[in-house]
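J.: pasting the sequence and the predicted coordinates here, then a few questions.
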Amino acid sequence: MPLKNYGVLKGEAAGTIKAAEDKSHYQILIKDGEGTEYRVAVNIKSQTDPSKVLYFATNDFRAEETARLSALESGFTSIRQNHPDIGLDFIRGNLFDPGQMIPLPADAGGSDNDLNEKIQDYIKEAMDKRAIIYAFGDRWGPELNQTDPYFGFSPGNGIHDIHMNQGNVEKYKKDDGTWQDGGLLIYFEREQRWAAIFLAFQSQSWCTDQDGHALKSAEECGHDSFIHHSGRS
C-alpha cells in the first residue's frame with residue numbers, strides 16, 4: 001500500500017541540524033504562516049546497502065507543478081485528497097534526468113562533497129532570503145503531549161520520506177506507490193526562481209509498475225536507463 005499521509009508542507013525554514021555520524025537524517029525546522037512548527041526529516045544515508053544516497057539538485061527548476069504550488073495555503077496539504085495533480089513522480093513526471101543523479105555520502109572530509117553540506121547550502125540560502133520551502137513526503141503528528149526531540153517544540157509534528165517512494169526492496173515494498181515521491185522545492189520570490197532537491201536510494205528500482213512496485217532489481221534497471229512512462233495514471 002502507498003504512503004499513509006502523502007502531501008506537501010509549505011512554510012519557511014527556521015533552523016537546521018546536520019546529521020551526526022550515527023544519524024541518517026538531516027533535520028529542518030519549518031514554520032507555516034500561522035506559526036505552527038514542523039520538523040522535516042531528510043534521509044541522507046541509506047539503511048540498505050549501498051549507504052550513499054543518489055542526489056540531484058538545481059537552482060533553476062522548471063516544471064508544471066510550480067504553477068500550482070504557489071496557490072496552496074501555508075502548512076500541510078494532503079495531496080491525494082485535495083490536490084492529486086501536484087504529486088511528484090520521478091519516473092513519470094519528467095521532473096529531471098535521473099542520469100544526472102550522483103551517489104553522495106552523508107558526511108565526508110573536505111568541502112562541498114557530501115549531503116550534509118549540499119542540503120545545508122540550499123536551506124541556508126532559503127533562510128537568508130526568506131524563501132518558501134515545499135517539502136513533499138509523508139506526514140506524522142501532531143503528537144499530543146510529545147515534544148520534538150530535535151527542535152524542542154510541542155506537539156511533535158512533521159514530515160519524512162523526502163525521497164523517491166517506489167521501486168523499494170522487499171522490506172519497504174509496502175510504501176511503494178506512484179505520484180507520491182518526496183522532494184524539496186524552494187521558491188525565491190524576489191528572484192522569481194525555483195530550486196529543487198531530489199533524493200533516491202541506490203537500492204530502489206527505476207523500473208516500476210502501476211502500483212510503484214519494482215519490475216526489475218535496481219541493478220537490472222539502472223537509474224540512468226529506466227523504463228520511461230509519461231502522463232499521470
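T.: Sure, I can see it.

J.: report the secondary structure state of the residue nearest to Leu184 when sequence neighbours are not counted.
T.: Leaving aside its sequence neighbours, Leu184 sits nearest to Ile197 (Cβ to Cβ, 6 or more residues apart in numbering; 4.3 Å). Quick note: C-beta positions are derived from backbone N, CA and C, even for glycine. Following DSSP: H, G, I helix; E, B strand; the rest coil, we place Ile197 in the strand state.

J.: wait, isn't Ile197 in contact with Gly183?
T.: Yes. With contacts counted by Cβ atoms under 8 Å, Ile197 reaches Gly183, the gap being 6.5 Å.

J.: tell me which element Gly93 falls in.
T.: Applying DSSP states H and E as the criterion places Gly93 outside every helix and strand.

J.: same thing with Glu220?
T.: Going by DSSP H and E, Glu220 is in helix 218-221.

J.: quick one: mean pLDDT for that helix?
T.: Averaging pLDDT along helix 218-221 yields 91.

J.: cool, and stretch 160-179?
T.: 96.

J.: off-centre distance for it?
T.: Distance of stretch 160-179 from its chain centroid, counting by Cα atoms, centre = their mean, to the nearest Å, is 12 Å.

J.: what pairs with Gly156 across the strands?
T.: Judged by DSSP bridges, the bridge partners of Gly156 are Glu143.

J.: hmm, Arg139 and it touching each other?
T.: No. The pair Gly156 / Arg139 is not scored as a contact, 11.8 Å apart, by Cβ under 8 Å.
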